[in-house]
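S.K.: Next comes the sequence, and after it the predicted model I'd like to discuss.
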Amino acid sequence: MTDRAHNYGQRCTKAPDCNCSRCCLCYKCLFDRRARSLYSGMQSRLKERKWKSGRNEGKVRVEKREVPYTLEQFKAWLRVVLEDSPHCEYCGIAISITTISPDHAKPMKRGGSLELKNLRGCCQSCQNGKADLLPGEWMFLLKCVATMPEPARVSIMRRLRGGILHFGNRAKTPKGTPILAIPAPKSQELF
């Protein structure tokens with residue numbers, strides 16, 4: 001079987017005469033490329049980090065952690081998520097192999113594991129905005145923001161999904177000042 005069978009008559013993304021699987025637009029090739037990209041991204045985020053300068057130069061500042069599943073197991077997880085519930089776990093928009101962004105339901109900084117059972121399929125916007133929040137906390141925040149007028153909702157979501165840079169200079173904010181004045185839910189209301 002030649003690589004030409006993968007293209008199914010669609011044009012290559014790089015050159016009209018290229019038929020390699022690296023450029024193919026069929027679902028199988030897109031799925032494989034995206035799964036490999038997501039998996040290698042996880043591996044690179046978990047690699048050992050050393051200090052590059054200063055008195056600790058060369059010393060390990062973050063220990064290496066291994067991804068506890070193989071690429072094939074990750075592909076199987078992706079297939080199940082995209083076939084069973086092809087919607088963002090948090091906001092409900094449709095996701096596909098090109099838009100899915102695996103998220104750790106319980107963040108690693110808050111004691112979550114790296115295992116597949118802790119992964120959730122979500123959109124890139126929710127993954128960026130959720131950051132180190134638990135799913136219940138993120139859902140609560142989304143519900144609060146949904147009650148606001150349109151201009152405020154758009155502004156807040158842009159800031160949440162864009163990171164702390166959109167909130168201005170952090171040095172001017174007094175320590176302990178809440179960024180959003182939303183009453184915190186009781187822990188039993190979150191889950």
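M.R.: Received it, and whenever you're ready, just let me know what you need. Residues are numbered from 1 along each chain as shown.
S.K.: Was I right to think residue 131 contacts residue 104?
M.R.: No - with contact defined as C-beta atoms under 8 Å, residue 131 does not count as touching residue 104 (10.6 Å). C-beta coordinates here come from the backbone N, C-alpha and C atoms, glycine included.
S.K.: higher neighbour count, these two?
M.R.: residue 104 (19 against 14; other C-beta atoms under 10 Å).
S.K.: Give the phi and psi angles for that one, as a check.
M.R.: phi -80, psi 120 (degrees, to the nearest 10).
S.K.: is it fair to say residue 160 lies in a helix?
M.R.: Yes - under DSSP: H, G, I helix; E, B strand; the rest coil, residue 160 falls within a helix.
S.K.: Pretty sure it sits against residue 133.
M.R.: No - contact between residue 160 and residue 133 fails when scored by C-beta under 8 Å: they sit 10.0 Å apart.
S.K.: shared neighbours of the two, anything?
M.R.: Here residue 160 and residue 133 have residue 141 as joint contacts, going by C-beta atoms under 8 Å, 6 or more residues apart in numbering.
S.K.: Which one of those two is surrounded by more residues?
M.R.: Each of residue 160 and residue 133 has its neighbours counted (other C-beta under 10 Å); residue 160 has more, 23 against 16.
S.K.: Pull the contacting residues for the more buried one.
M.R.: 128, 129, 141, 145.
S.K.: so what's the third one scoring on pLDDT?
M.R.: At residue 141, the pLDDT value in this model is 91.
S.K.: Please determine how far it is located from residue 122.
M.R.: According to C-beta to C-beta, to the nearest Å, residue 141 stands 14 Å off from residue 122.
S.K.: Give me the more crowded residue out of the two.
M.R.: residue 122 (27 against 20).
S.K.: so what's the more buried one bridging to?
M.R.: residue 101 (DSSP bridges).
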